[in-house]
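Chemist: have a look; sequence and predicted model below, questions after that.
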Amino acid sequence: MPFGDTAMRLCDVLGFDRAELSLDIRETDAIHLHPSSTFLRDRRKALDLTLAEVAMAAGVSAATLSRFERGSERSQALASHDAEGRATELVNQGLAEILQFASIDELTKFWKSGYL
């Protein structure tokens, strides 16, 4: 049986809906420890962009972007937030452009689901 993070990545590659699966995700699994914002990190790495390059395009520090990619930053420059402080949608045009999305809406959709 694959670990939860491996099973989740297989779902992404094969086009299965993650929400329909009941996976035994161990606390040590990366997918459990990191929120969906890791999709942005994965996209950045797939485009062979450094943290510094993307941060500069987004107008934030590399440290801020790194924390945001891990889900521990509530940057108003990158996202709008609900009353509880959870990011609800991305708002940064520079981030959308450097990650090669046609719009902020497309970037937000990818950020939430891993799909375009």
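Modeler: Cool, got the structure.
Chemist: I figured Leu49 hits Ile98, correct?
Modeler: Yes. Using Cβ atoms under 8 Å, Leu49 is in contact with Ile98, at 6.6 Å. To be clear about C-beta, it is placed using only N, CA and C from the backbone, and glycine gets the same treatment.
Chemist: more neighbours: which of these two?
Modeler: Per other Cβ atoms under 10 Å, whichever of Leu49 and Ile98 has more neighbours is Ile98, with 19 against 16.
Chemist: what sits against the closest residue to that one other than its chain neighbours?
Modeler: Nearest residue to Ile98 in three dimensions, chain neighbours excluded: Ala57, at 3.9 Å (Cβ to Cβ, 6 or more residues apart in numbering). Residues near Ala57 by Cβ atoms under 8 Å, 6 or more residues apart in numbering: 94-95, 97-98.
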